[in-house]
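Enquirer: give me the fold of what follows.
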Amino acid sequence: MTKYIFVTGGVTSSLGKGIISASLAKLLQARGYRVTIQKFDPYINIDPGTLNPYEHGECFVTEDGAETDLDLGHYERFLNTPTSKANNITTGRIYQNVINREREGAFLGKTVQVVPHITDEIKRNIRILGETGDYDIVITEIGGTVGDIESLPFIEAVRQFRWEVGQNSSLVIHLTLIPFLAAAGELKTKPTQHSVKMLLEYGIQPDILVCRTEHSINMDIRKKIALFCNVNINAVIESIDASTIYDVPLLMLREQLDKTVLSKLKLPTKQEPNLDNWKDFLGRLKNPTAEIKIGLIGKYVELPDAYKSIIESFIHAGAKNECKVRVISVQSEQLTPENAVEKLKGLHGVLVAPGFGLRGIEGKIEAIRYVRENNIPFFGICLGMQCAVVEYGRNVLGLAGAHSTEMDQETPHPVISMMEEQKKIKLMGGTMRLGSYPCELKKGSKAFAIYGKSPITERHRHRYEFNNDYRKQYEASGLIPSGINPENDLVEIVELKNHPFFIGAQFHPELKSTVANPHPLFVNFVAAALAYARKN
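Expert: Just a heads-up that it's a prediction; the model follows:
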């Protein structure tokens, strides 16, 4: 029988439910259990695909092409196992499914209500992963904060679900805050008490409390929380602020969160968790032998979560190279031909980030011109690759006014354009190439040397493609299409000959980088930047 763990949050948002869920899953996985994590988001969007990154951080894309919450990125980076569309459900999707069924007459003329119809649909989605037979434990993270109107149906569904599956088949972990009042010099438990009281009003008694705190909580505070929140004292878990999210599994191991969970679910502890590789990664992360500065050129740089997977990929690749990667954010809107030298000087490599729309595009193109002409390592992802194609067309091939038709539909040289079959689709998101696609690498290319194999598969999230009408012209001049999609002959990777590292990828390699398997493109880009730093 699959066991279910629910993770809720109280007091305030952004306490790190995703990191706690991923850390617990890592520990259970290290003990030999098959674990997956799903995220239920209370917003009414069908998925985060149409959300501005400033609203909700990056949109994480799964192998099967689902546009999902960025927490799924944490799940994959920690567990090194891919997620799917079943791992992220929104209120919008729940209501859409119920309304579609109502229109089909599935409810036989009954009044459709939040209880039981919406809650039944939520419970059905909780069970989907558990019923595959692939997992011993399913962890479900409930987005938002207890007390939010929009998350109420999810909380009610959890209450019903726990009643249905019976004792020892599920448990609830409530993540809460123990604030420190500087004026009083004290940690305060009252917000936690109120948060648990609110959960109790909804019919849920949490089994374990994970307490986020800046200062260590002593035994007296643990006893007080246990007494007033009706939990065992060993179920009050301290989650103290850490220097890196990758410390959290070891902190949770020290607090014996995994043992407490297994005993409450009546599961054997199996072997002690083997975290040697994780500790080795942390050792290299915290003891670098060198430091490099990489410029991240993007238009959402004010919000670090907008490029979460890229930043984490640099952490993985940096540890692999025993090198600290300092990511310097550069707002592409502020880059001009006049200030590019000043803004980019001192960098050992430049990554031009993905994105949509015209804003900041000329700054990205200017940054690429500068690094191409000065032999500084360059890595372009998605729109970053497309900007590299535009820049090369304008400044090397002499294609005046070359552009992407996304930015300029009247461009005389549409070196980036939409495929004919995509133009007929009108629904937002429907024209996208989403999810995993194969790519054949050219023998003898830098890309082939980096991956060491062909074909490869990578995840996509884009609408516009390299225009094959210009392919021969680019190849003859030295910007080589070195990765091709075999199904529809689309260019996936471009690289510049006679440059230390100049690669543009139409896909999103950052989505597949994990602690256990840092992405080879990032590892090699960091190595190239390190070599450049040592020479200069």
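
Enquirer: so who does residue 74 touch?
Expert: Each residue near residue 74 by Cβ atoms under 8 Å, 6 or more residues apart in numbering is listed here: 18, 19, 21, 22, 245. Where you see a C-beta, it was placed from the backbone N, CA and C, and this is true even at glycine.

Enquirer: before we move on, what about residue 95?
Expert: 44, 118.

Enquirer: kindly export the helix or strand hosting it (C-alpha atoms) in PDB.
Expert: Secondary structure assignment for residue 95, by DSSP states H and E: helix 91-103. What follows is helix 91-103, C-alpha atoms only, in PDB (Å, rounded to 0.1, in the frame of the first residue of the first chain):
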ATOM      1  CA  THR A  91      -7.200  24.900  -8.700                       C
ATOM      2  CA  GLY A  92      -7.800  26.000 -12.300                       C
ATOM      3  CA  ARG A  93      -7.200  22.400 -13.600                       C
ATOM      4  CA  ILE A  94      -9.300  20.900 -10.800                       C
ATOM      5  CA  TYR A  95     -12.300  23.200 -11.700                       C
ATOM      6  CA  GLN A  96     -11.700  22.700 -15.400                       C
ATOM      7  CA  ASN A  97     -11.900  18.900 -15.100                       C
ATOM      8  CA  VAL A  98     -15.100  19.100 -13.000                       C
ATOM      9  CA  ILE A  99     -16.800  21.600 -15.300                       C
ATOM     10  CA  ASN A 100     -15.900  19.500 -18.400                       C
ATOM     11  CA  ARG A 101     -17.500  16.500 -16.700                       C
ATOM     12  CA  GLU A 102     -20.600  18.500 -15.800                       C
ATOM     13  CA  ARG A 103     -21.000  19.600 -19.400                       C
END
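
Enquirer: my guess is residue 308 contacts residue 56. True?
Expert: No: if you go by Cβ atoms under 8 Å, residue 308 and residue 56 don't touch, sitting 10.9 Å apart.

Enquirer: which one's more surrounded, the two?
Expert: Neighbour count, other Cβ atoms under 10 Å: between residue 308 and residue 56, residue 308 has more, with 20 against 17.

Enquirer: got the phi and psi for the more buried one?
Expert: Main-chain torsions, residue 308, degrees, to the nearest 10: phi -50, psi -50.

Enquirer: any idea how far it is from residue 296?
Expert: 12 Å (Cβ to Cβ, to the nearest Å).

Enquirer: and residue 90, by the same measure?
Expert: For residue 90 relative to residue 296 (Cβ to Cβ), the value is 29 Å.

Enquirer: do the same with residue 224
Expert: 45 Å.

Enquirer: how about residue 94?
Expert: 36 Å.

Enquirer: which one's more surrounded, those two?
Expert: residue 94 (25 against 20).

Enquirer: could you find the closest non-adjacent residue to the more buried one?
Expert: residue 121 (5.1 Å; Cβ to Cβ, 6 or more residues apart in numbering).

Enquirer: flag the shaky bits of the chain, pLDDT-wise.
Expert: Along the chain, the parts satisfying pLDDT under 70 run over 420-431.

Enquirer: reduced to three states, what does the residue located most distally from the centre of it come out as?
Expert: Most distant from the centre of the chain: residue 109, at 41.8 Å, with distances by Cα atoms, centre = their mean. At residue 109 the chain is in coil, as set by DSSP: H, G, I helix; E, B strand; the rest coil.

Enquirer: can you report phi and psi for it?
Expert: phi 80, psi 0.

Enquirer: quick check: it vs residue 94, distance?
Expert: Using Cβ to Cβ, one gets 22 Å for the distance from residue 109 to residue 94.

Enquirer: and residue 451, by the same measure?
Expert: 40 Å.

Enquirer: repeat for residue 534
Expert: Residue 534 sits at a distance of 54 Å from residue 94 (criterion: Cβ to Cβ).

Enquirer: run through who's touching stretch 200-211.
Expert: With contacts defined as Cβ under 8 Å, 6+ apart, stretch 200-211 is touched by 8, 20, 146, 152, 155-156, 158-159, 162, 171-178, 192, 196, 199, 217, 225, 229-231, 235-239, 257, 260-261, 264.

Enquirer: that stretch: end-to-end distance?
Expert: 18 Å (Cα to Cα, to the nearest Å).

Enquirer: quick one: list the elements packing against the lengthiest helix in the chain.
Expert: Of all segments of type helix in the chain, defined using DSSP state H, the longest is helix 520-535. On a contact count with 3 or more Cβ pairs under 8 Å, 6 or more residues apart in numbering; DSSP states H and E, helix 520-535 meets strand 290-298, helix 308-320, strand 323-331, strand 349-352, strand 378-381, helix 446-451, strand 502-505.

Enquirer: so which of those is nearest residue 85?
Expert: helix 308-320 (17.8 Å; Cβ to Cβ).

Enquirer: report the angle between that closest one and strand 290-298.
Expert: 160 degrees (axes from the mean of the first three to the mean of the last three Cα atoms, to 10 degrees).

Enquirer: ok, residues contacting helix 308-320?
Expert: 57-58, 60, 70, 73, 77, 244, 246, 281, 284-285, 288, 294, 296, 304, 324-325, 327, 351, 353, 381, 508-511, 513-515, 518-519, 522-523, 525-526.

Enquirer: show me where the stretch 201-350 of the chain has its helices.
Expert: For the stretch 201-350 of the chain, the helices defined by DSSP state H, counting those that start in this stretch cover 219-229, 248-254, 257-264, 276-286, 308-320, 340-344.

Enquirer: most tightly surrounded among the ones you listed?
Expert: Stretch with highest mean neighbour count among those: helix 308-320 (a mean of 24; mean count of other Cβ atoms under 10 Å).

Enquirer: between that helix and strand 323-331, how many degrees?
Expert: Here helix 308-320 points in a direction 150 degrees away from that of strand 323-331 (the same axes, to 10 degrees).

Enquirer: and helix 308-320 with helix 276-286, angle?
Expert: Going by the same axes, to 10 degrees, helix 308-320 makes 90 degrees with helix 276-286.

Enquirer: ok so residue 439 is a helix residue?
Expert: No: looking at residue 439 with three-state DSSP, it is strand, so not inside a helix.

Enquirer: residue contacts, it?
Expert: By Cβ under 8 Å, 6+ apart, the contact list for residue 439 reads 454, 455, 456, 457, 458, 483, 484, 485, 486, 492, 493, 507.

Enquirer: at 6 Å what do you get?
Expert: Residue 439 makes contact with 456, 483, 485, 492, according to Cβ atoms under 6 Å, 6 or more residues apart in numbering.

Enquirer: what sits closest to the most centrally placed residue in the chain if chain neighbours are left out?
Expert: What sits nearest the mean C-alpha location of the chain, by Cα atoms, centre = their mean, is residue 73, with 2.9 Å. Counting by Cβ to Cβ, 6+ apart, the nearest residue to residue 73 once its immediate chain neighbours are dropped is residue 60, at 4.5 Å.

Enquirer: now residue 352
Expert: Of all residues not flanking residue 352 in the chain, residue 384 sits nearest, at 3.3 Å (Cβ to Cβ, 6+ apart).

Enquirer: now swap in residue 298 and tell me
Expert: residue 353 is the one closest to residue 298 (Cβ to Cβ, 6+ apart), at 3.5 Å.
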